[in-house]
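Asks: have a look; sequence and predicted model below, questions after that.
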Amino acid sequence: AMVGGGFGAMVAAVDDAGPLAWALLSATLAVLLVKLFLSGRPGLFGSRGIARGQALPPVVSMSWLLPPGIEGIRGFLGGPLDLIAKAYPRYGNVFTVALAHRRMTFLLGPGVNEHFFRGSDEVVSQKEVYEFNVPTFGRGVVFDVDHKIRREQFKFFAEALKPTRLRTYVDQMVDEAEMFFAKWGESGEVDLLHELSSLIILTASRCLLGREIRENLFEEVYRLFHFLDMGMQPISVLLPYLPIKAHRDRDAARKELSQIFSKVISSRRRSGVHETDVLQTMIDARYSERTYGGRHLTDDEITGMMIAILFAGQHTSSITSTWTGLYLHSKMYRDKFLPPVLEEQRSVLKEYGSKLDYDVLSKMDCLHRSMKEALRLHPPLIMLM
């Protein structure tokens, strides 16, 4: 199953940036990107702005040669981890980075994270921050709607991924995994990140995107999702409509995906076929009466929701799976931690037989603890915005 990330953390996962950066971030790192215009837009510090006499977070300045707005853009595009590593020793847990006409305020550590986690949607709004996702996800979904409609759409996601639904996906995931690993052979060398990323895309296409996509259109959809992924560059956060090749490819891929999903959705509706996948959950979903009069989602809204859910879990799942595998097979840990994981699996399968299901997988406590430790050491989502 996908390792959940939540849609408030849909920034693409990054590679390991060294012990210093991770030590600064730790497992409790949260970063709040607040879209504050220079005119003083209401934001984190209250719905009416900054109180008279209240101190603002310090604005990062590392160079005498560049103005803060330009320096901030250069630092952000170079990677937020390096930016944090340089600013933290000098400015502490709370500081602001100027990005041209916007300001990015970082909150590091549990002592200040509560301002982010306890802030209401009206005060700490995600919509303005994540509008750079609109060209990818599409209009009318997730961060292109107000928080009340977005809350309803997130309920659709929750319905699709609740435990009773996940139980129905396990057989499909097992089938995909067995077919995938059958190609490995008994020994050899693999790029674990590439292999597990490929496997997760396969299982996601089966359980999320639908049988029709997996069986008939996987290669094409995989190619289009790659263009969407590559369309999220650091510059996209600031200028999502900048006419660069990555954005043009992204826009063309989004249009083609909408056409593909529309055909699949129309076919299901005409035939009355009811599949057990997330796509079907979105087809059946209805807004409340007070939201859009209780109507079903449009085909384009469903496409946007499917893109969003895949983006939310694909990176987090592949990176966490990779770190788990690397630690279990590393020279330092494989003799201590890998044998208990393997023995647990042998014991569980001996007790329950070769049939894997949700309940049997839940018995593998040692494996689950290994994954949790990998998450603690290398959280794939380094920023919550």
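Replies: That came in fine, so what should we check first? The model shown is predicted, which means the values in this text are computed figures rather than measured ones.

Asks: three-state assignment of residue 183?
Replies: Under the three-state scheme (DSSP: H, G, I helix; E, B strand; the rest coil), the conformation of residue 183 reads as coil.

Asks: tell me where the model's unsure across this protein.
Replies: Residues of the chain meeting the criterion pLDDT under 70: 1-54, 62-69, 76-77.

Asks: how about the contacts made by residue 176?
Replies: With contacts defined as Cβ atoms under 8 Å, 6 or more residues apart in numbering, residue 176 is in contact with 199, 202-203, 206. Heads up, the C-betas are built off the backbone N, CA and C, glycines and all.

Asks: which strand or helix spans it?
Replies: Per DSSP states H and E, residue 176 falls inside helix 163-181.

Asks: same check on residue 105?
Replies: Using DSSP H and E, the element containing residue 105 is strand 102-107.

Asks: extract the C-alpha trace of the helix or strand that comes right after that strand and format it as CSV.
Replies: Note on strand 102-107: by DSSP H and E, the next helix or strand toward the C-terminus is helix 110-117. What follows is helix 110-117, C-alpha atoms only, in CSV (Å, rounded to 0.1, in the frame of the first residue of the first chain):
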residue,chain,number,x,y,z
PRO,A,110,8.4,21.0,17.4
GLY,A,111,8.6,24.2,19.4
VAL,A,112,7.3,26.3,16.5
ASN,A,113,5.6,23.7,14.3
GLU,A,114,2.3,24.0,16.3
HIS,A,115,1.6,27.4,14.5
PHE,A,116,1.4,25.4,11.3
PHE,A,117,-0.4,22.3,12.5
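
Asks: what packs against the helix or strand following helix 110-117?
Replies: The first helix or strand that comes after helix 110-117 along the chain, using DSSP H and E, is helix 134-137. Packing partners of helix 134-137 (3 or more Cβ pairs under 8 Å, 6 or more residues apart in numbering; DSSP states H and E): helix 245-271, helix 299-329.

Asks: and helix 134-137, how far out from the chain middle?
Replies: Chain-centre distance of helix 134-137: 14 Å, with Cα atoms, centre = their mean, to the nearest Å.

Asks: who touches that helix?
Replies: Outside helix 134-137, the residues that reach it (Cβ under 8 Å, 6+ apart) are 143-144, 228, 231-232, 240-241, 247, 250-251, 254, 304-305, 307-308, 311.

Asks: now swap in stretch 281-289 and tell me
Replies: By Cβ under 8 Å, 6+ apart, stretch 281-289 touches 149, 152, 156, 159-160, 165, 265, 268-269, 293-297, 302, 305-306.

Asks: end-to-end on that stretch?
Replies: 18 Å (Cα to Cα, to the nearest Å).

Asks: ok, and what's touching stretch 240-248?
Replies: Residues from elsewhere that reach stretch 240-248 (Cβ under 8 Å, 6+ apart): 131-135, 230-231, 233, 235-236.

Asks: buried stuff in it?
Replies: 240, 246-247 (16 or more other Cβ atoms under 10 Å).

Asks: can you check stretch 184-191 too?
Replies: Buried residues in stretch 184-191 (16+ other Cβ under 10 Å): none.

Asks: how far away is residue 179 from residue 203?
Replies: For residue 179, the distance to residue 203 equals 11 Å [Cβ to Cβ, to the nearest Å].

Asks: more neighbours: which of these two?
Replies: Taking neighbours as other Cβ atoms under 10 Å, residue 179 and residue 203 compare with residue 203 leading, 21 against 11.

Asks: ok, the more buried one touching residue 172?
Replies: Yes: between residue 203 and residue 172 there is a contact under Cβ atoms under 8 Å: 7.2 Å.

Asks: with residue 204 as the reference, measure out to the residue most central in space within the chain.
Replies: Centroid-nearest residue in the chain: residue 312, 2.9 Å away (criterion: Cα atoms, centre = their mean). Per Cβ to Cβ, residue 312 is found 11 Å from residue 204.

Asks: just among the contacts of stretch 240-248, which is most surrounded?
Replies: Counting neighbours by other Cβ under 10 Å, the top entry in those is residue 133, with 24 neighbours.

Asks: for the contacts of stretch 240-248, give me CSV that also has distance to residue 336.
Replies: Shown next, in CSV, are the contacts of stretch 240-248 (distance: Cβ to Cβ, whole Å):
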residue, distance to residue 336
131, 47
132, 44
133, 42
134, 47
135, 47
230, 39
231, 43
233, 41
235, 44
236, 43
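
Asks: for these, work out which two are farthest apart.
Replies: 131 and 230 (19.4 Å; Cβ to Cβ).

Asks: beta partners for residue 95?
Replies: Beta bridges link residue 95 to residue 106, judged by DSSP bridges.

Asks: roughly how far apart are it and residue 374?
Replies: Counting by Cβ to Cβ - residue 95 and residue 374 are separated by 30 Å.

Asks: centre of the chain to the helix holding residue 176, how far?
Replies: Here the centre of helix 163-181 is set off from its chain's centre by 21 Å, with Cα atoms, centre = their mean.

Asks: list the buried ones in the very next helix or strand once past that helix?
Replies: Using DSSP H and E, the helix or strand that follows helix 163-181 in sequence is helix 192-204. Using 16+ other Cβ under 10 Å as the test for burial, helix 192-204 gives 192-193, 195-197, 199-204.

Asks: go on, stretch 71-88?
Replies: 71-73, 75-76, 80-81, 83-85, 87-88.

Asks: doesn't residue 258 make contact with residue 139?
Replies: No: Residue 139 is beyond contact range of residue 258, at 10.7 Å (criterion: Cβ under 8 Å).

Asks: can you flag the buried ones in the contacts of stretch 281-289?
Replies: Buried positions within these, assessed by neighbour count (16+ other Cβ under 10 Å), are 149, 152, 156, 160, 165, 265, 268, 297, 302, 305-306.

Asks: now those residues in JSON lines, with distance to residue 348?
Replies: Formatted as JSON lines, the buried ones among the contacts of stretch 281-289 follow (distance: Cβ to Cβ, whole Å):
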{"residue": "149", "distance to residue 348": "43"}
{"residue": "152", "distance to residue 348": "39"}
{"residue": "156", "distance to residue 348": "33"}
{"residue": "160", "distance to residue 348": "27"}
{"residue": "165", "distance to residue 348": "23"}
{"residue": "265", "distance to residue 348": "39"}
{"residue": "268", "distance to residue 348": "37"}
{"residue": "297", "distance to residue 348": "40"}
{"residue": "302", "distance to residue 348": "38"}
{"residue": "305", "distance to residue 348": "35"}
{"residue": "306", "distance to residue 348": "33"}
